[in-house]
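J.: here you go, sequence then predicted model.
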Amino acid sequence: MRYRSTVLDMTVTLDAKLKQLETAVNRQQPVSEFIQVINQAREIVSEVQSYVEREERSAGEINKTNYNK
């Protein structure tokens, strides 16, 4: 995988966003804080999906994506 380190770094960032949401819940922060973090997380997911789509598929892979439901 050409973008392995980039994708792994993005998953770490995404995990940090989830921890931010946990903290926001514990501190009862305003809904706007939640929405901001959720939008940032969605951007990260979109970027990861883009990197994965750029990768060549092996002969054994099914040429179907299920993540855009």
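T.: Structure received. Numbers count the residues shown, from 1 in each chain.

J.: ok, and for stretch 6-16, which residues are buried?
T.: For stretch 6-16, burial by neighbour count (16 or more other Cβ atoms under 10 Å) applies to 7, 10, 14. The way it works is simple: take the backbone N, C-alpha and C, and place the C-beta from them, glycine included.

J.: actually stretch 43-54, not the one I wrote
T.: Under the neighbour-count rule (16+ other Cβ under 10 Å), stretch 43-54 has 44, 47, 48 buried.

J.: looking at those, which is nearest residue 2?
T.: The closest of those to residue 2 turns out to be residue 48 (Cβ to Cβ; 13.6 Å).

J.: okay, and the nearest residue to that closest one once chain neighbours are set aside sits in which element?
T.: Counting by Cβ to Cβ, 6 or more residues apart in numbering, residue 48 lies nearest to residue 10, which is 5.2 Å off, once chain neighbours are set aside. Counting by DSSP states H and E, the secondary-structure element that holds residue 10 is helix 4-26.

J.: same question, residue 2
T.: Per DSSP H and E, there is no helix or strand for residue 2.

J.: in terms of pLDDT, where does it sit?
T.: The per-residue pLDDT reported for residue 2 equals 80.

J.: going forward, the N-terminal residue is numbered 710.
T.: Yes, from this point I'll number from 710; that puts the last item at residue 711.
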